[in-house]
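Chemist: I would like to see how this sequence folds:
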Amino acid sequence: MKKRERQVKLTLTNILFLLRCGRSYLLIISILFLTSSLPHESFANKVLSDTFVSIVKNSKASVVNIRTTKILKNNAQNRGFRIKGQGSGVVYNKKGFIVTNKHVIKNAGEIVIRLYDGSEYKAEIVGTDKRSDIAVLRIDAEGLTPAKFGNSDSLELGEIVLAIGNPVGLGQTVTSGIISAKGTSNLQITGFEDFVQTDATINPDSYGGPLINMDGEVVGISTLPPEQTAGYFGISLAIPINVVNKTTEDFIKHGKITRGWLGVTAQPVTRELQKALGLKNDLGALVSDIEPGSSASNAGVKSGDVIIKYNGKEIKNILHLRSLVKGTEINKELEITVLRDGQELTLNTVILEAKKSETRSKNDLFRKLGLVVQNLTGKLSINLGYKDEKGVIITDVQQGSSASKAGLTTGDLIVEIQHKPVTSIDELYQSILKIQNEEDILMFIKRSGKSSKFIILKQKKDV
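Modeler: Coordinates of the predicted model:
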């Protein structure tokens, strides 16, 4: 019996050493090896329980409660009426900076931070970012314990994580789960579309709190699920900590967000485009236009290229690419992999800072009309039956839009605007821009295998 007790004590000592070193994989091997001579369930449960307890103890001082007083606006009957809200946050550094969700402090008239020891401080807003749902606050306090931050890029599916919150009246709450998906996108929650997904239950009062790995490192900040509905459906989301760190550092150092800019107009790879271009799958982002002097232009990206990798990461869709680009450090050198005529090409470039570019204006204009367009490349012209033709191809039409009501459909080739030829997206944009809000658009189109026709595209007049 004494020999068994000494063996257990030695085992736990070794395990605690491995935990302090962050050697999770060695810990698992040790558990598997040692459970051959010790009671399986009790030993494994004890180790896992001690691990969770150790992580929570080491993290508790950096998780704060955020209490807000919100002012209801635009409501004459309830003018001056205040409602209270709350959420959680994470101590970013010893200088008093706190990270949380933007929606946690939305419309707040007063923000109070409650630390783990019960002390309270009024907070000022350093900056908020609607796109990523991140807010950075600051309190005038000393002796703060910052969280330990990890690398969200190194997360693995199946990795165990803990979600910690600090709701008022309940003290800290902890739930556990695994990383169930990475790079979750197309949820249309915020402008940011590159979430970490976990099956750990995260309640609203814990939004803004940390998602922590088994090394005790914060790898994400909990945020809103896809739909605000009652109950829990196995989907909780967190903003990757690498994104959070960049946003926070931007606010602290520059007082604003700096975003990367690639300089392309891109669109999803639909099944029709996949077939027309001879692609193996519908992953990536199809480039339809390139802004002169942009990072993409400097790299040699061309209209018709499909961007399949960005800085070593495989691109799922256009939203995924957009999130990666905007989260890139300015002046960073990186590689872009594109598919061009069935061949993979690796291009090098330096990412520039985002600006209010003409590319964004093009997107806004075409979106307003309900159109998605693409320059007519050689391969597209052959596959769609427009060999030797010039113009701009329509690749998608939004249902119920002006374009849809005018009778435009996917596959139409725009040849002229107001009797003037257009051979590129830039020419199409400039032609429409000249008559924007003045008159309806007279468009001459061609259809593969069908006769040409004029179409009147009505514009929504701005007041």
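Chemist: how many neighbouring residues does Ile125 have?
Modeler: 14 (other Cβ atoms under 10 Å). Every residue, glycine included, has its C-beta placed from N, CA and C.
Chemist: next one: phi and psi at Phe97?
Modeler: Dihedral pair for Phe97: phi -80, psi 130, per degrees, to the nearest 10.
Chemist: so what's it up against?
Modeler: Val91, Val126, Val136, Leu137, Arg138, Thr248, Ile252 (Cβ atoms under 8 Å, 6 or more residues apart in numbering).
Chemist: pLDDT value on it, please?
Modeler: pLDDT, Phe97: 97.
Chemist: picking up where we left off before, closest one of the contacts of Phe97 to Gly278?
Modeler: The closest of the contacts of Phe97 to Gly278 turns out to be Thr248 (Cβ to Cβ; 44.0 Å).
Chemist: just put the contacts of Phe97 in JSON lines and tack on secondary structure.
Modeler: Below are those laid out as JSON lines (DSSP: H, G, I helix; E, B strand; the rest coil):
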{"residue": "Val91", "secondary structure": "strand"}
{"residue": "Val126", "secondary structure": "strand"}
{"residue": "Val136", "secondary structure": "strand"}
{"residue": "Leu137", "secondary structure": "strand"}
{"residue": "Arg138", "secondary structure": "strand"}
{"residue": "Thr248", "secondary structure": "helix"}
{"residue": "Ile252", "secondary structure": "helix"}
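Chemist: among these, which one sits closest to Gln267?
Modeler: For the contacts of Phe97, the nearest to Gln267 is Thr248 (32.1 Å; Cβ to Cβ).
Chemist: against Lys256, how distant is that closest one?
Modeler: 12 Å (Cβ to Cβ, to the nearest Å).
Chemist: check which residues of stretch 59-66 are buried.
Modeler: Across stretch 59-66, burial judged by 16 or more other Cβ atoms under 10 Å covers Ser59, Ala61, Ser62, Val63, Val64, Asn65, Ile66.
Chemist: returning to what we had before: mind checking which of Thr248 and Lys256 has more residues around it?
Modeler: Set Thr248 next to Lys256 and count neighbours by other Cβ under 10 Å: Thr248 wins out with 25 against 10.
Chemist: now do the contacts for that one.
Modeler: Thr248 sits in contact with Tyr92, Phe97, Val99, Ile134, Val136, where contact means Cβ under 8 Å, 6+ apart.
Chemist: ok, back up a step: let me know the closest of the buried residues of stretch 59-66 to Gly263.
Modeler: Ile66 (37.8 Å).
Chemist: the closest one and Ser88 touch, don't they?
Modeler: Yes - in this structure, Ile66 is within contact of Ser88 by Cβ atoms under 8 Å, at 6.4 Å.
Chemist: returning to that earlier point: okay, and which of the buried residues of stretch 59-66 map to strands?
Modeler: Val63, Val64, Asn65, Ile66 (DSSP state E).
Chemist: which residue packs closest to Ser119, ignoring adjacent ones?
Modeler: Using Cβ to Cβ, 6 or more residues apart in numbering and skipping the chain neighbours, the partner closest in space to Ser119 is Ala141 (7.5 Å).
Chemist: Gly216 against Lys148, yeah?
Modeler: Yes - using Cβ under 8 Å, Gly216 is in contact with Lys148, at 5.7 Å.
Chemist: so those two - more neighbours on which side?
Modeler: Gly216 (20 against 16).
Chemist: doesn't the more buried one belong to a strand?
Modeler: No - according to three-state DSSP, Gly216 belongs to no strand; its state is coil.
Chemist: so who does it touch?
Modeler: By Cβ under 8 Å, 6+ apart, the neighbours of Gly216 are Gly22, Ser54, Ile55, Asn58, Ser59, Lys148.
Chemist: and the helices in this protein?
Modeler: 2-21, 24-34, 40-59, 241-254, 271-277, 295-299, 318-326, 358-369, 378-383, 402-406, 425-434 (DSSP state H).
Chemist: run the chain-centre distance for stretch 449-460.
Modeler: A distance of 37 Å separates the centroid of the chain from that of stretch 449-460, by Cα atoms, centre = their mean, to the nearest Å.
Chemist: quick one: contacts of that stretch?
Modeler: By Cβ under 8 Å, 6+ apart, stretch 449-460 touches 368-369, 385, 402-403, 405-408, 415, 436-437, 439-447.
Chemist: for stretch 410-428, same thing?
Modeler: In contact with stretch 410-428 (Cβ under 8 Å, 6+ apart) are residues 265, 272, 288-289, 303, 362, 373-376, 384, 386, 389-397, 431-432, 435, 441-448, 452.
Chemist: PyMOL command to pick out the buried ones of those residues?
Modeler: The PyMOL selection below is limited to those of these classed as buried (16+ other Cβ under 10 Å):
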select buried, resi 265+288+289+303+362+373+374+375+376+384+386+391+392+393+394+395+396+397+431+432+441+443+444+445+446
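Chemist: mind listing which of the contacts of stretch 410-428 are in strands?
Modeler: 265, 288-289, 373-375, 392-397, 441-447, 452.
Chemist: so where's the longest strand in the protein?
Modeler: strand 173-184.
Chemist: strand partners (parallel or antiparallel) of that one?
Modeler: Strand 173-184 has its sheet partners listed here by DSSP bridges as strand 160-165 (antiparallel), strand 195-198 (antiparallel).
Chemist: Gly209: which of these is closest?
Modeler: Short answer: strand 160-165, nearest of these by Cβ to Cβ, at 4.1 Å.
Chemist: before we move on, back to that, same list as before, the ones in strands among the buried residues of stretch 59-66 that is, but in JSON lines and with distance to Leu345 included.
Modeler: Output for those, formatted as JSON lines (distance: Cβ to Cβ, whole Å):
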{"residue": "Val63", "distance to Leu345": "46"}
{"residue": "Val64", "distance to Leu345": "48"}
{"residue": "Asn65", "distance to Leu345": "51"}
{"residue": "Ile66", "distance to Leu345": "48"}
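Chemist: show me the contacts for Leu211.
Modeler: With contacts defined as Cβ under 8 Å, 6+ apart, the neighbours of Leu211 are Val161, Leu162, Ala163, Val196, Thr198, Ala200, Val218, Val219, Gly220, Ile221, Ser222, Ala238.
Chemist: picking that back up, and for Gly216 and Lys148, which residues touch both?
Modeler: Asn58, Ser59.
Chemist: quick one, what contacts the closest residue to Val91 other than its chain neighbours?
Modeler: Excluding the flanking residues, the one nearest Val91 by Cβ to Cβ, 6+ apart is Ser62, at 4.4 Å. Counting by Cβ under 8 Å, 6+ apart, Ser62 touches Val90, Val91, Leu144, Thr145, Pro146, Ala147, Lys148, Pro210.
Chemist: if I look at the third one, how far off is Leu115?
Modeler: Note on Leu144: its distance to Leu115, by Cβ to Cβ, is 8 Å.
Chemist: of those two, who's got more company?
Modeler: Per other Cβ under 10 Å, whichever of Leu144 and Leu115 has more neighbours is Leu115, with 21 against 18.
Chemist: no further questions, thank you.
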